[in-house]
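A.B. asks: Have a look at this fold, sequence not included:
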Ligand SMILES: Nc1ncnc2c1ncn2[C@@H]1O[C@H](COP(=O)(O)OP(=O)(O)OP(=O)(O)O)[C@@H](O)[C@H]1O
Ligand SMILES: [Mg+2]
């Protein structure tokens, strides 16, 4: 579905942000790309989303094209900075923009927007100017704006940074409910087991240093620490107490384990 070969990118000032990354993401996969600050996650996202011309390498989409513009309507690319999305006069116009560009019937678009606005607590903010939203509200509006046109692939760069717990859960639910492919880019391993089954770890020099099942990578404390990250909190908590194949990866798994053991 997304087939990236030997992607490297050097910015004009000479910074090498990603190095020789080759990866394939299949239809319906849930993948988390994790890595420390500055490791190259956002650059990789831009490359996969076809928003930069990488120095080397190619990305093939849906086995049909290497030009992202041919499949723009199938890619939902949420950039790290929500301000990059919100450029119309009102939040409503921002949410209507994607569906209108793609020629989605007005009524269907309106229904989708209404549902998303309701889920993401934006209903009362639709007539507000985007720059008058709080940080978390902006982020919710940006998330809504990539979901309005129901793309086949979501490439989401840190969609939860400024969002409170209630809406964090809602966004995670929307990601889980999404029927297509989801790729989440985040520096926070804690979030990963909630949405992904596969993890790609980007090392601090911008190369992909590991790619495998969530449990295998997130329970490997020394691998994560070598690349500037730490395992999820529950993994740290049960480290040395439970084997890697039993360690709870999420709070709800930890609760289940404890309630079983303490009965
Ligand atoms: N426009 C740019 N020009 C020059 N260097 C850049 C540019 N954008 C990013 N970089 C550099 O490229 C490297 C990778 O940056 P990138 O934004 O991809 O990292 P990241 O993993 O997304 O980090 P974060 O977790 O902080 O979002 C960093 O060293 C960064 O300073
Ligand atoms: Mg980033």
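C.D. replies: In hand now; what should we look at? Note that this is a predicted model, so its numbers are computed, not measured. Ligands and ions are numbered 1, 2, ... in the order given.

A.B. asks: Could you count how many residues lie near residue 151?
C.D. replies: Residue neighbour count, defined by other CB atoms under 10 Å, stands at 21 for residue 151. Every C-beta, even on glycine, is put in place using the N, C-alpha and C of the backbone.

A.B. asks: What residues does this structure have near ligand 1?
C.D. replies: 11, 13, 15, 17, 35, 37-43, 80, 187 (CB under 6 Å from any ligand atom).

A.B. asks: Considering the residues you listed, which is situated nearest to residue 116?
C.D. replies: residue 80 (20.3 Å; CB to CB).

A.B. asks: How about the nearest residue to the closest one once chain neighbours are set aside: which residues does it bridge to?
C.D. replies: Once flanking residues are discounted, residue 80 sits nearest to residue 157: 4.2 Å by CB to CB, 6 or more residues apart in numbering. In this entry, residue 157 is beta-bridged to residue 185, by DSSP bridges.

A.B. asks: For ligand 1, give me its nearest residue in the stretch 51-200 of the chain.
C.D. replies: residue 187 (4.4 Å; CB to the nearest ligand atom).

A.B. asks: Return the distance of that residue relative to residue 82.
C.D. replies: Per CB to CB, to the nearest Å, residue 187 is found 17 Å from residue 82.

A.B. asks: Settle it for me: which of the two has more neighbours?
C.D. replies: residue 82 (23 against 17).

A.B. asks: wait, isn't that one in contact with residue 136?
C.D. replies: No. With contacts counted by CB atoms under 8 Å, residue 82 stays clear of residue 136, the gap being 9.6 Å.

A.B. asks: Now do the shared contacts for the two.
C.D. replies: The contact sets of residue 82 and residue 136 do not overlap (CB atoms under 8 Å, 6 or more residues apart in numbering).

A.B. asks: Name the residue of this structure that lies nearest to ligand 2.
C.D. replies: Residue nearest to ligand 2 within the chain (CB to the ion): residue 42, separated by 3.2 Å.

A.B. asks: secondary structure element for that residue?
C.D. replies: Applying DSSP states H and E as the criterion places residue 42 in helix 41-48.

A.B. asks: which is the next helix or strand following that helix?
C.D. replies: Past helix 41-48, the next helix or strand by DSSP H and E is strand 56-61.

A.B. asks: so the closest residue to residue 131 other than its chain neighbours is in which element?
C.D. replies: Nearest residue to residue 131, sequence neighbours excluded (CB to CB, 6+ apart): residue 86, at 7.3 Å. Per DSSP H and E, residue 86 falls between elements, in no helix or strand.

A.B. asks: Adjust the sequence numbering to begin at 8 for everything that follows.
C.D. replies: Sounds good: first residue 8 from here, last item residue 93.

A.B. asks: check contacts around residue 93.
C.D. replies: Counting by CB under 8 Å, 6+ apart, residue 93 has contacts 101, 137, 138, 140, 145, 148, 149, 152.

A.B. asks: how about the residue lying closest to residue 135 once chain neighbours are set aside, what does it touch?
C.D. replies: Spatial nearest neighbour of residue 135, excluding adjacent residues (CB to CB, 6+ apart): residue 98 at 5.6 Å. Shown in contact with residue 98 (CB under 8 Å, 6+ apart): 129, 132, 133, 134, 135, 136, 137, 140, 148.
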